[in-house]
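Asker: below is the sequence, then the predicted model.
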Amino acid sequence: MNFLNLFKVAMTAIASNAFRSFLSMLGIIIGVAAVIIMMAIGQGSKESIRGEIAKMGTNIISIRPGAEMRGGVRLDPSAMQTLKMTDYEAIQREKKYVTYVSPEVTASGQCIYGANNTNTTVYGESLDYLNIRLWEMEDGEFFTDDDIHKGSKVCVVGQTIVDDLFNGSNPVGKNIRFKSIPFKIVGVLKSKGENSWGMDQDNVVIAPYTTVMKRLNAQTYFNSITCSAITEELTDNAIDELTEILHNNHRIPEGAEDDFRINSQAEMMDTMSSTMDTITIILVVAAAFSLLVAGIGIMNIMLVSVTERTKEIGLRMSVGARGIDISNQFLIESVMIALTGGILGVLLGWLGTMGLGAIGLPTSIPAWSIFVSFAVCTVIGIGFGYFPAKKAASLDPIEAIRYE
Amino acid sequence: MENKNIKKVIIELQDVRRDFQVGSEIVHALRGVSFKIYEGEFVTIMGTSGSGKSTLLNQLGCLDTPTSGEYILDGTPVRTMSKNQRARLRNRKIGFVFQNYNLLAKTTAVENVELPLMYNSKYNISQRREAAINALKAVGLGDRLEHKSNQMSGGQMQRVAIARALVNDPSVILADEATGNLDTKTSFEMLVLFQKLHQYGRTIVFVTHNPDIARYSSRNIVLRDGKICEDVINNDIQSAASALAALPDINDD
């Protein structure tokens, strides 16, 4: 029997038990929809995180003091003080793949204006920081080179600080106090909002690194150095370059362990992506189990169908159907149930994804997930239809035709 | 007219035996059956239940193979054939008519009749339909092509089943108690149809336990305990049509 006929026979069989066929399809529909939605959420979150990181600059490289942590060994405090002014100067002198460099010194604590206070972090940076982190000014100006040389007590603040301390009124020219040292606000940064892992990027105070280093922290080392590569593609070259500069500057012998670590935003992005991938896989596997259960449902209904139609099978065999004709007939029926379920499932998944998108979840259906769904449904149809089909094909026509 | 020397042999059984293993016992359903059926014969095979006539029918229909002996259908030895080969042989050479019609439910007459040709790749869609329509016309159902099986009377359903048996132009039509489920009048109508097919030269084997039917066939074989106990040519074939006409009109109600 050719496939057109088999298809027609299967259609007739499904249509004559429409409700039952729909119920067994339902498992597939729900399973496929769940897989599609899970993939869409996973992919959507991944894209949104990548977007956030890209907004912060994908070419960012950060240098931190200290060796790689090995097995939780406590590090000598001096190991955390390896980044010095000379390193900053060396980088500025020798950089080829690096465009901007900013040493970073941070201090956390309470920030006071009048009767208001808030907890924040003061970042001591150089002028390049604005370009590295892609900050823009909302109001006023960034501090100047002169301020860095003099260690002036000036700062620019993020939008959260403005809201918390000044109730939204213009703070430029006002003085805030941090650890009893007054800082004059010279500018306000444009709001960046929360990043995708919920950190408020606007809760910052940026001051000249010299000021924070000498006046606030009284330290001689940097907490980190932030650089930006010329382009994202040249990040690796920039990392090599920086490694070499610091090697020479720290006089680290060949083969010895580094006393600094260099990470790039691109690496971080990869880490985040692979974390999201792992979460997505877990979600999808969970959803895929419902497909397995749906497949068992199909097998169950096909077995019922074979028993019900024993007489028909006997008749078909006596008029010349071979075993393979019979098994094909039932296989096509189960594949059609599974595939129709798959199509409806993709539609439902798509609708569900739209719904989630409408309430604000980042979603994105990867095109391949639809193809995979169809492939999986076909495999389910064949896999779980095989046993009932084989049972049908192995019936004895003599007994089947007299079956009551 | 009945010169068997010229007539082609359609069915030849040579000492066919069929044993079944039932528990620890062996049941001999057929104990050496031999006969030849020639083209154009209308043979009734009779016997009480347990005489082996169902087993014989399964043999003749190539649904089963003999334990020993040989069965040659239209020149083809069947005993050593595989299942698939026998399926193909059934498809091309045999037309079955069953007691309970065995039509596909919720399916039109013409689709039911097309069924055997579905398993024959030599027919395309239009040829299949044409053959089915012709077969239905031959059994007098030319005006009920699109009726579904559940919209038909028993007699009509059996006519569809006969049309289905004719559609592949078989070497032999095998009828298994084909009138068993029908009332007297309809049974005679079926016999009229079978006699008509016989007249057109069809070879018919009609298995029944009803001795009356033998009067309308050209030859009668009686089975008892797995052996042939009687095999006679009927030289005085009754006309089913006149028997039908003579039937008192008891079905008026």
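Answerer: Ah, there it is. Numbering: from 1, shown residues only, chains lettered A, B, ... in the order given.
Asker: residues in contact with the residue lying closest to residue A:135 once chain neighbours are set aside?
Answerer: Nearest residue to residue A:135, sequence neighbours excluded (CB to CB, 6 or more residues apart in numbering or on different chains): residue A:189, at 5.2 Å. The C-beta positions use only the backbone N, C-alpha and C, and glycine is treated the same way. Residue A:189 sits next to A:135-138, A:156-159, A:202, A:204, A:206 when contact means CB atoms under 8 Å, 6 or more residues apart in numbering or on different chains.
Asker: from chain B, how far off is residue A:189?
Answerer: According to CB to the nearest CB, to the nearest Å, residue A:189 stands 75 Å off from chain B.
Asker: tell me the buried residues in the helix or strand harbouring residue A:183?
Answerer: Assigning secondary structure by DSSP states H and E places residue A:183 in strand A:181-189. Buried residues in strand A:181-189, defined by neighbour count with 16 or more other CB atoms under 10 Å in any protein chain shown: A:181, A:183-189.
Asker: and after that strand, which helix or strand comes next?
Answerer: Using DSSP H and E, the helix or strand that directly follows strand A:181-189 along the chain is strand A:204-208.
Asker: so residue A:63 sits in a strand?
Answerer: Yes - using DSSP: H, G, I helix; E, B strand; the rest coil, the secondary structure at residue A:63 is a strand.
Asker: my guess is it contacts residue A:258, does it?
Answerer: No - using CB atoms under 8 Å, residue A:63 is not in contact with residue A:258, being 10.3 Å away.
Asker: of the contacts of residue A:189, closest to chain B?
Answerer: Within the contacts of residue A:189, proximity to chain B (CB to the nearest CB) peaks at residue A:202, which comes in at 69.9 Å.
Asker: burial of the closest one, as a residue count?
Answerer: The tally of other residues near residue A:202 (other CB atoms under 10 Å in any protein chain shown) stands at 19.
Asker: what residue is smack in the middle of the chain?
Answerer: By default, I'm working from chain A. residue A:46 (2.5 Å; CA atoms, centre = their mean).
Asker: switch to chain B, please.
Answerer: Judging by CA atoms, centre = their mean, chain B has its centre closest to residue B:174, at 1.7 Å.
Asker: confirm for me that that one is in contact with residue B:96.
Answerer: Yes - assessed by CB under 8 Å, residue B:174 is found in contact with residue B:96 at 5.5 Å.
Asker: need the residues touching each of those two.
Answerer: Counting by CB under 8 Å, 6+ apart, the common neighbours of residue B:174 and residue B:96 are B:61, B:165.
Asker: pLDDT value on residue 68, please?
Answerer: Since no chain was named, I'll use chain A. Here the pLDDT value assigned to residue A:68 is 56.
Asker: actually it's chain B I care about, not the one you picked
Answerer: Per-residue pLDDT puts residue B:68 at 94.
Asker: for it, give the beta-bridge partners.
Answerer: Beta-bridge pairing of residue B:68, defined through DSSP bridges, involves residue B:17.
Asker: now residue A:116
Answerer: residue A:113.
Asker: ok, it to chain B distance?
Answerer: The value you get for residue A:116 to chain B, if CB to the nearest CB is used, is 81 Å.
Asker: that residue: neighbour count?
Answerer: A count of nearby residues for residue A:116, using other CB under 10 Å, gives 13.
Asker: with the one 4 residues further on instead?
Answerer: Neighbour count of residue A:120, defined by other CB under 10 Å: 23.
Asker: which positions in chain A make contact with chain B?
Answerer: Contact residues, chain A versus chain B (CB under 8 Å from any CB of the partner chain): A:1-2, A:5, A:12, A:16, A:311-312, A:314-325, A:397-398, A:401.
Asker: and the residues you listed, which are buried?
Answerer: The neighbour count (16+ other CB under 10 Å) marks A:1, A:5, A:12, A:311-312, A:314-323, A:325, A:397-398, A:401 as buried among the residues of chain A next to chain B.
Asker: identify the single longest helix in chain B, thanks.
Answerer: Longest helix of chain B, by residue count under DSSP state H: helix B:184-199.
Asker: in it, what counts as buried?
Answerer: For helix B:184-199, by 16+ other CB under 10 Å, it's B:186-195, B:197-198.
Asker: and the helix or strand hosting residue A:281, average pLDDT?
Answerer: Taking DSSP H and E as the criterion, residue A:281 maps to helix A:265-308. Mean per-residue pLDDT for helix A:265-308: 87.
Asker: that helix - contacts with which helices or strands?
Answerer: The contact analysis (3 or more CB pairs under 8 Å, 6 or more residues apart in numbering or on different chains; DSSP states H and E) places helix A:265-308 against helix A:18-56, strand A:60-65, helix A:323-358, helix A:367-393.
Asker: need the ones you listed in JSON lines (columns: mean pLDDT).
Answerer: Formatted as JSON lines, the helices and strands packed on helix A:265-308 follow (pLDDT from 0 to 100):
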{"stretch": "helix A:18-56", "mean pLDDT": "87"}
{"stretch": "strand A:60-65", "mean pLDDT": "88"}
{"stretch": "helix A:323-358", "mean pLDDT": "93"}
{"stretch": "helix A:367-393", "mean pLDDT": "91"}
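Asker: would you list these in CSV and tack on distance to residue B:219?
Answerer: Below are the helices and strands packed on helix A:265-308 laid out as CSV (distance: least, CB to CB, whole Å):
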stretch, distance to residue B:219
helix A:18-56, 49
strand A:60-65, 101
helix A:323-358, 35
helix A:367-393, 38
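Asker: so which of these is nearest residue B:203?
Answerer: With CB to CB, the closest approach to residue B:203 among those belongs to helix A:323-358: 26.6 Å.
Asker: what angle separates the closest one from helix A:265-308?
Answerer: Per axes from the mean of the first three to the mean of the last three CA atoms, to 10 degrees, the angle that helix A:323-358 makes with helix A:265-308 is 140 degrees.
Asker: buried residues of helix A:323-358, list them for me.
Answerer: For helix A:323-358, the neighbour count (16+ other CB under 10 Å) marks A:323, A:325-346, A:348-350, A:352-353, A:356-357 as buried.
Asker: helices and strands around it, which ones?
Answerer: helix A:3-16, helix A:18-56, helix A:265-308, helix A:310-318, helix A:367-393, helix B:83-93.
Asker: count of neighbours near residue 66?
Answerer: Since no chain was named, I'll use chain A. Around residue A:66 there are 17 other residues, counting by other CB under 10 Å.
Asker: try again with chain B
Answerer: If you count neighbours by other CB under 10 Å, residue B:66 ends up with 20.
Asker: please list all residues in contact with the residue in the stretch 301-404 of chain A positioned nearest to chain B.
Answerer: Proximity to chain B, evaluated over the stretch 301-404 of chain A using CB to the nearest CB, is greatest for residue A:320 at 2.4 Å. Taking CB under 8 Å, 6+ apart, we find residue A:320 in contact with B:87-88, B:90-92, B:116, B:119-120, B:168.
Asker: make it 10 Å
Answerer: A:1, B:62, B:86-94, B:115-120, B:168 (CB atoms under 10 Å, 6 or more residues apart in numbering or on different chains).
Asker: residue A:114 now?
Answerer: Contacts of residue A:114 (CB under 10 Å, 6+ apart): A:165-166, A:174, A:176-177.
Asker: before we move on, what about residue A:209?
Answerer: Here residue A:209 is in contact with A:85, A:88, A:102-106, A:123-127, A:129, A:148, A:151, A:222-223, A:225 (CB under 10 Å, 6+ apart).
Asker: kindly report the same for residue A:167.
Answerer: Here residue A:167 is in contact with residue A:116 (criterion: CB under 10 Å, 6+ apart).
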